[in-house]
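# No letters, just coordinates:
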């Protein structure tokens, strides 16, 4: 078995354990046994169980970033609500196809390494989304972006509530969460940010319009 295949197998088994028994059930011995490897072989790739969990989260976050970029690029109009909805629903799509991500992201934050990674990821996402919004003319001049970080943290908590009892999430909580975060961010938005503007002009005569 090639190294890359071994790593994928280790992560696959770790994810299965996470979904079946929770984050605390993940041990290097349990993962190695499930993957059909000696524990010593697992240590060639991961120093401890925290490294395995972080690798799972990093893999799924990479998937999330691709999904989010695709969904934002596909928006026909750009407004605060469009951006909030695209972002939160991108998370939901990835949670649906990667159940271990849900469990680790929302139920594994008693693990210090996971908690630290989640916090830093939220800060980074807030900076990136703030940049997108500012580039689209949706941000009031002079804004420092703190509110974007608060909005991401609120959205994160809303999704945690939506998924705390189910791996499929509560659609009503998600819908209400989108409305709540949108309403907050609109207090810091320009008129363009609230009303929205087309992302993909219908004809060449509109292409140069601001």
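Perfect, I can see it now. Just so it is clear, the structure is predicted and the values come from calculations on it, not from any experiment. Numbering: from 1, shown residues only.

# how's the protein carved up into domains?
Domain assignment of the chain by automatic domain parsing yields the ranges 1-46, 57-199.

# Save the ones you listed as JSON lines, and put in mean pLDDT and mean neighbour count too.
Bear in mind the C-beta positions are built from the backbone N, C-alpha and C, glycine included. As requested, the domains of the chain are arranged in JSON lines below (pLDDT from 0 to 100; neighbours: other C-beta atoms under 10 Å):
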{"stretch": "domain 1-46", "mean pLDDT": "92", "mean neighbour count": "16"}
{"stretch": "domain 57-199", "mean pLDDT": "94", "mean neighbour count": "17"}
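
# How far off centre is the helix or strand harbouring residue 92?
Per DSSP states H and E: residue 92 is located in helix 80-97. The chain centroid and the centroid of helix 80-97 are separated by 8 Å under C-alpha atoms, centre = their mean, to the nearest Å.

# so what does it touch, helix or strand wise?
Counting contacts by 3 or more C-beta pairs under 8 Å, 6 or more residues apart in numbering; DSSP states H and E, helix 80-97 is packed against helix 49-73, helix 99-107, helix 112-135, helix 146-163, helix 171-186.

# nearest to residue 21, of these?
Each of these has some distance to residue 21 by C-beta to C-beta; the shortest is helix 99-107, at 9.7 Å.

# Okay, angle between the closest one and helix 146-163 too, please.
120 degrees (axes from the mean of the first three to the mean of the last three C-alpha atoms, to 10 degrees).

# contact partners of helix 99-107?
For helix 99-107, the external contacting residues (C-beta atoms under 8 Å, 6 or more residues apart in numbering) are 14-16, 18-19, 22-23, 53, 56-57, 60, 64, 94-95, 114, 118, 159-160, 163-164, 167.

# try it again with 7 Å
15, 18-19, 22-23, 53, 56-57, 60, 94-95, 114, 118, 160, 163-164, 167 (C-beta atoms under 7 Å, 6 or more residues apart in numbering).

# try stretch 11-22
Outside stretch 11-22, the residues touching it (C-beta under 7 Å, 6+ apart) are 25-26, 30-31, 34-35, 52, 55-56, 59, 99-100, 103-104, 107.

# on that earlier part again, format the helices and strands packed on helix 80-97 as a markdown table; extra columns: distance to residue 4.
Shown next, in a markdown table, are the helices and strands packed on helix 80-97 (distance: least, C-beta to C-beta, whole Å):
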| stretch | distance to residue 4 |
| --- | --- |
| helix 49-73 | 12 |
| helix 99-107 | 19 |
| helix 112-135 | 22 |
| helix 146-163 | 30 |
| helix 171-186 | 35 |
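
# returning to what we had before: mind picking the two most distant members of the contacts of stretch 11-22?
35 and 107 (22.6 Å).

# Let me know which of the helices and strands packed on helix 80-97 is the nearest to residue 84.
When these are compared by C-beta to C-beta, helix 171-186 sits nearest residue 84, at 4.8 Å.

# How far off centre is the helix or strand just after the closest one?
Per DSSP H and E, helix 171-186 leads on to helix 191-195 as the next helix or strand towards the C-terminus. Centroid displacement of helix 191-195 relative to its chain, using C-alpha atoms, centre = their mean, is 25 Å.

# Which elements pack onto the next helix or strand after helix 191-195?
Later in the chain than helix 191-195, the nearest helix or strand by DSSP H and E is strand 197-198. Applying 3 or more C-beta pairs under 7 Å, 6 or more residues apart in numbering; DSSP states H and E, one finds that strand 197-198 contacts strand 77-78.
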